[in-house]
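**Student:** sequence and computational prediction follow.
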Amino acid sequence: MAFKHLASFVLFACTISAVRGAVMKRATCADGRTTANAACCVLFPILDDIQENLFDGGECGEEVHESLRLTFHDAIGISPTKGGGGADGSIVIFDEIETAFHANGGIDDIVDVQKPFIAKHGITAGDFIQFAGAVGVSNCAGAPRLNFFLGRPNATKASPDLLVPEPFDSITNILARFKEVGFSPAEVVALLGSHTIAAADHVDETIPGTPFDSTPGVFDTQLFIEVQLRGTLFPGTGGNQGEVQSPLRGEIRLQSDHDLARDSRTACEWQSFANNQAKLQSAFKAAMLKLSILGHKQSDLIDCSDVIPVPKPVIGKPHLPAGSKQSDIEQACASAPFPSLTADAGPTTSVPPVPPS
Ligand code: HEM
């Protein structure tokens, strides 16, 4: 009798999933590629164009880094008290206002590069910025496949100033800024995973393209390891606002990253990513989805995530850079030791700049 009930339940469940399967039938686009929703077909020609002509044939290089930074600087421009529309493309549409904000230093480069693509393809600036960010990140080995939702209306006004965090802000202020728009301290740390594929042009203007970790072309956990090493040198002139000493020649360290790795509110979360690629991928992906739709309701947008290419697996294993020792780690998490790592063999690591394209 119990078996009979089970059998009819299984039959019922199969029928439901068959019905769901029918509803979920994929749309075939003009070029033969398929996607869950026909409205997403417009993205395939944009994908091909930006991979070829914005990201130099699918590289994880300077334009990818800059495009990812742009997703953040557009999206974070929203506050319950000061206004702003979040991920609405205002940084491109009102670029004369927003690129002049101090925290947006250098962002005019990628705004100028993306503008003709936006004009050519006729999607909104807010959609294009987040789409280019998600596609760009997919070129970096080790990255998660980010979500992309389509349908952001165009911004009607510029974001107010002082909503983008600065590297010289206190952790209290940084966490408060993110909390205002719904991010927990753990999500803030996850978002900083972005700095594993990142470099600075303007923190020390004498050394443009100086990366934050030794592997700026790979989405790995090295940032979380290297920022925890004792700082010993400035890669360029030193004394710049928002910069603290780094452990490696050719590597630059932001004061905000340094402090997030050492503050009692965030240190254990920071450390937890040091040798956990899977956790970094899933936490970054979830936090990036939230960031990419700031100012919108997810239910108003169309899920086009299946248009985003699947990234290649990570290259290499979490390690200490050559010449570093476990004792160079500045333990900051009070409840668990920093994971034990092996140093690369060979001469002391020094990091080359990210080349301009
Ligand atoms: C506390 C929060 C943050 C601060 C203070 C901060 C600060 C900075 C600074 C000062 C730079 C160097 C800019 C330059 O000199 O060229 C930079 C670069 C970058 N940031 Fe952040 N950032 C933060 C969070 C984020 C988030 C949430 C993302 C993305 C989700 C992000 C993505 C990037 C990327 C990809 C770059 C490299 C750009 C390039 O290589 O051209 N940052 N960040």
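**Tutor:** Yes, it's here. Computed from a predicted structure; not experimentally measured.

**Student:** pull up the distance across stretch 187-207, start to finish.
**Tutor:** This stretch, stretch 187-207, spans 30 Å end to end (Cα to Cα, to the nearest Å).

**Student:** got the residues of this protein near the ligand?
**Tutor:** For the chain, the residues in contact with the ligand (Cβ under 6 Å from any ligand atom) are 62, 65-66, 68-69, 72, 106, 165-167, 174, 191-192, 194-195, 197-203, 242, 254, 256. C-beta here means a position set from N, CA and C on the backbone, and glycine is covered the same way.

**Student:** tell me which of those residues fall in helices.
**Tutor:** Using DSSP state H to define helices, the subset of the residues of the chain next to the ligand located there is 62, 65-66, 68-69, 72, 174, 191, 256.

**Student:** among the residues you listed, which pair sits farthest apart?
**Tutor:** Maximum pairwise distance among these (Cβ to Cβ): 25.4 Å, between E62 and I174.

**Student:** what residue ranges in this protein are flagged as low confidence?
**Tutor:** 1-24 (pLDDT under 70).

**Student:** got the residue ranges for the helices in it?
**Tutor:** 2-23, 43-53, 62-75, 90-93, 95-98, 108-121, 125-138, 171-180, 185-191, 222-226, 255-260, 267-272, 277-292.

**Student:** would a markdown table of those helices with distance to V310 and mean neighbour count be doable?
**Tutor:** Shown next, in a markdown table, are the helices of the chain (distance: least, Cβ to Cβ, whole Å; neighbours: other Cβ atoms under 10 Å):
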| stretch | distance to V310 | mean neighbour count |
| --- | --- | --- |
| helix 2-23 | 22 | 9 |
| helix 43-53 | 13 | 17 |
| helix 62-75 | 16 | 25 |
| helix 90-93 | 28 | 26 |
| helix 95-98 | 32 | 18 |
| helix 108-121 | 23 | 16 |
| helix 125-138 | 7 | 27 |
| helix 171-180 | 29 | 16 |
| helix 185-191 | 20 | 21 |
| helix 222-226 | 22 | 27 |
| helix 255-260 | 28 | 22 |
| helix 267-272 | 25 | 22 |
| helix 277-292 | 12 | 20 |
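
**Student:** can you add distance to S357 and give those back as a markdown table?
**Tutor:** What follows is those, written out as a markdown table (distance: least, Cβ to Cβ, whole Å):
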| stretch | distance to S357 |
| --- | --- |
| helix 2-23 | 43 |
| helix 43-53 | 11 |
| helix 62-75 | 5 |
| helix 90-93 | 20 |
| helix 95-98 | 21 |
| helix 108-121 | 10 |
| helix 125-138 | 12 |
| helix 171-180 | 31 |
| helix 185-191 | 25 |
| helix 222-226 | 22 |
| helix 255-260 | 25 |
| helix 267-272 | 31 |
| helix 277-292 | 23 |
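
**Student:** state the distance from the nearest residue to E269 once chain neighbours are set aside to D74.
**Tutor:** Leaving aside its chain neighbours, E269 sits nearest to V189 (4.3 Å; criterion: Cβ to Cβ, 6 or more residues apart in numbering). V189 sits 21 Å away from D74, going by Cβ to Cβ, to the nearest Å.

**Student:** what do you get for L150?
**Tutor:** Shown here: L150 relative to D74, a distance of 16 Å by Cβ to Cβ.

**Student:** what of H121?
**Tutor:** 17 Å.

**Student:** do the same with R262
**Tutor:** From R262 over to D74 (counting by Cβ to Cβ), the distance is 29 Å.

**Student:** what residues does stretch 333-348 touch?
**Tutor:** Applying Cβ atoms under 8 Å, 6 or more residues apart in numbering, the contact partners of stretch 333-348 are 225, 228, 248-249, 264, 267-268, 270-271, 274-275, 318-326, 329, 331.

**Student:** make it 6 Å
**Tutor:** Contacting residues not belonging to stretch 333-348 are listed as 267-268, 271, 274-275, 318-320, 322-324, 329, 331 [Cβ atoms under 6 Å, 6 or more residues apart in numbering].

**Student:** equivalent analysis for stretch 107-126, please.
**Tutor:** Counting contacts by Cβ under 6 Å, 6+ apart, the residues outside stretch 107-126 that touch it are 46, 66-67, 70, 73, 87-89, 92-93, 95, 99, 128, 152, 154.

**Student:** and the residues you listed, which is closest to the ligand?
**Tutor:** Of all these, the one with the least separation from the ligand (Cβ to the nearest ligand atom) is E66, at 4.2 Å.

**Student:** now do the contacts for the closest one.
**Tutor:** For E66, the residues meeting the contact criterion (Cβ under 6 Å, 6+ apart) are I110.

**Student:** make it 7 Å
**Tutor:** Taking Cβ atoms under 7 Å, 6 or more residues apart in numbering as the definition of contact, the neighbours of E66 are 109-110.

**Student:** ok, the one 10 residues further on next?
**Tutor:** Under the criterion of Cβ under 7 Å, 6+ apart, the neighbours of I76 are 163-164, 181.

**Student:** any idea how far it lies from F338?
**Tutor:** Taking Cβ to Cβ, one finds I76 at 30 Å from F338.

**Student:** would you map the strands across the stretch 251-357 of the chain?
**Tutor:** Assignment of strands within the stretch 251-357 of the chain using DSSP state E, counting those that start in this stretch yields the ranges 253-254, 302-303.

**Student:** can you pull up the most central residue in the protein?
**Tutor:** Nearest to the mean C-alpha position of the chain, counting by Cα atoms, centre = their mean, stands S194 at 3.9 Å.
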